[in-house]
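Asks: Prediction below, plus the sequence it came from.
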Amino acid sequence: MIQRNINRVALIGAGSVGSSYAFALLNQSITEELVIIDVNEDKAMGDAMDLNHGKIFAPNPTKTWYGNYDDCKEADIVCICAGANQKPGETRLDLVEKNLKIFKSLVDQVMASGFDGIFLIATNPVDILTYATWKFSGLPKERVIGSGTILDSGRFRFLLGEYFDIAPANVHAHIIGEHGDTELPVWSHADIGGVPVEELITRNPEYKMEDLDQLFVNVRDAAYHIIKKKGATYYGIAMGLARITKAILNNENSVLTVSTYLDGEYGEKDVYIGVPAVVNRTGIREILELTLSETEQKQFTHSSTVLKEILNPHFKEAR
């Protein structure tokens, strides 16, 4: 990996998610350098100009410019937000065909630059495209990370906080599995300030499991509702990407629910899927394997199976 005193993030894709990610990076001064790459050079140039005009208001100014794939050589992180967008009524998995072709070209160009850092993938279907990036790049699995269910877990904690009237920071809960329709809530490990959610329900008749089941449905289907109302989701995922980036560059050893490669964990192999993992400067340091309930394990296995069935036609020989 590249080891320099100055951190560089290369952003590929200056659409709504990419530009929101860039905005988050600058506002939090997460990296010293940010290069924006897009097939639409005017858009990348415009974003760089716009961001530079506001960087005097940031805690520490970030050197920001529009560039090309050669700039990836010295990047610590290449974050890919490029690809076809999810349309109303379209699932994330419907995007597979279109985005696999796009990613092959993108990843090949990044690797041709001499890049030896960490890939961070945001484009949907993120679990599939993270696996594809790992295969296309030839990098160690620990250095290819997808945003996974980091946003789903954030939505989960937010809505649980609203339901129990508790600050989301004091809600500890995970959404795992595919970032999509087969994801699942890990109720067996959800707690509020250390008190299990399932115990809170038994203590107080005001709280009902039926409410929480609907709450999860709202988490799972949030993107569809947002897309219907405004055409796309980008602020939440951009903030999640910024959080992962910060954990990597600051060598935090933070636990985040990201899409990572399983090699026997949770009884699954050869799939990228959202699970809690320790993230630091090396990428994925380790996977935290939760002890799931019988129902949760069945749901997780199903989620993994769905992803593998999508992967098989495209990577059958490699698998």
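Replies: Here it is on my side, so go on. Numbers count the residues shown, from 1 in each chain.

Asks: Can you say which helix or strand has the closest residue to Val279 other than its chain neighbours in it?
Replies: Leaving aside its sequence neighbours, Val279 sits nearest to Ala247 (Cβ to Cβ, 6 or more residues apart in numbering; 4.4 Å). All C-beta spots, glycine's among them, are computed from the backbone N, C-alpha and C. Here Ala247 sits within helix 235-249, counting by DSSP states H and E.

Asks: what is the mean pLDDT for that helix?
Replies: For helix 235-249, the mean per-residue pLDDT is 98.

Asks: Quick one: list the elements packing against it.
Replies: With contacts taken as 3 or more Cβ pairs under 8 Å, 6 or more residues apart in numbering; DSSP states H and E, helix 235-249 sits against helix 16-28, strand 77-80, strand 118-121, helix 150-164, strand 254-263, strand 269-280.

Asks: possible to save those as JSON lines with mean pLDDT, distance to His174 and mean neighbour count?
Replies: Compiled in JSON lines, the helices and strands packed on helix 235-249 are given as follows (pLDDT from 0 to 100; distance: least, Cβ to Cβ, whole Å; neighbours: other Cβ atoms under 10 Å):
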{"stretch": "helix 16-28", "mean pLDDT": "97", "distance to His174": "22", "mean neighbour count": "22"}
{"stretch": "strand 77-80", "mean pLDDT": "98", "distance to His174": "23", "mean neighbour count": "28"}
{"stretch": "strand 118-121", "mean pLDDT": "98", "distance to His174": "20", "mean neighbour count": "27"}
{"stretch": "helix 150-164", "mean pLDDT": "98", "distance to His174": "5", "mean neighbour count": "21"}
{"stretch": "strand 254-263", "mean pLDDT": "98", "distance to His174": "5", "mean neighbour count": "23"}
{"stretch": "strand 269-280", "mean pLDDT": "98", "distance to His174": "6", "mean neighbour count": "23"}
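
Asks: and of those, who's closest to Asp213?
Replies: Taking Cβ to Cβ, helix 150-164 is the member of the helices and strands packed on helix 235-249 nearest to Asp213, at 11.8 Å.

Asks: Work out the gap between that closest one and the centre of the chain.
Replies: 16 Å (Cα atoms, centre = their mean, to the nearest Å).

Asks: Pull the residues that contact that helix.
Replies: Applying Cβ atoms under 8 Å, 6 or more residues apart in numbering, the set of residues contacting helix 150-164 from outside is 166-168, 170-175, 179, 183, 185, 190, 192, 197, 200, 207, 211-212, 215-216, 218-220, 222, 236-237, 239-240, 243-244, 256-258, 274.

Asks: now that helix and helix 235-249, what's the angle there?
Replies: 120 degrees (axes from the mean of the first three to the mean of the last three Cα atoms, to 10 degrees).

Asks: Give me the sheet partners of whichever helix or strand comes after helix 150-164 and which way each runs.
Replies: Next along the chain after helix 150-164, taking DSSP H and E as the criterion, comes strand 171-172. Paired with strand 171-172 in the same sheet, following DSSP bridges, are strand 191-192 (antiparallel).

Asks: so how far is the strand it pairs with off the chain centroid?
Replies: The chain centre lies 23 Å from the centre of strand 191-192; the measure is Cα atoms, centre = their mean.

Asks: same check, this time on stretch 194-212
Replies: Distance, stretch centre to chain centre, for stretch 194-212: 29 Å (Cα atoms, centre = their mean).

Asks: in it, what counts as buried?
Replies: Using 16 or more other Cβ atoms under 10 Å as the test for burial, stretch 194-212 gives 197, 200-201, 212.

Asks: Would you check which pair of the residues you listed lies furthest apart?
Replies: The most widely separated members of the buried residues of stretch 194-212 are Leu200 and Leu212, with 9.9 Å between them, by Cβ to Cβ.

Asks: Just the strands from the stretch 51-200 of the chain, written as ranges.
Replies: 63-66, 77-80, 118-121, 144-146, 171-172, 175-176, 184-185, 191-192, 195-196 (DSSP state E, counting those that start in this stretch).

Asks: Buried ones in whichever strand or helix holds Lys43, by neighbour count?
Replies: Per DSSP H and E: Lys43 is located in helix 41-54. Burial within helix 41-54, assessed by neighbour count using 16+ other Cβ under 10 Å, is assigned to 43-48, 51.
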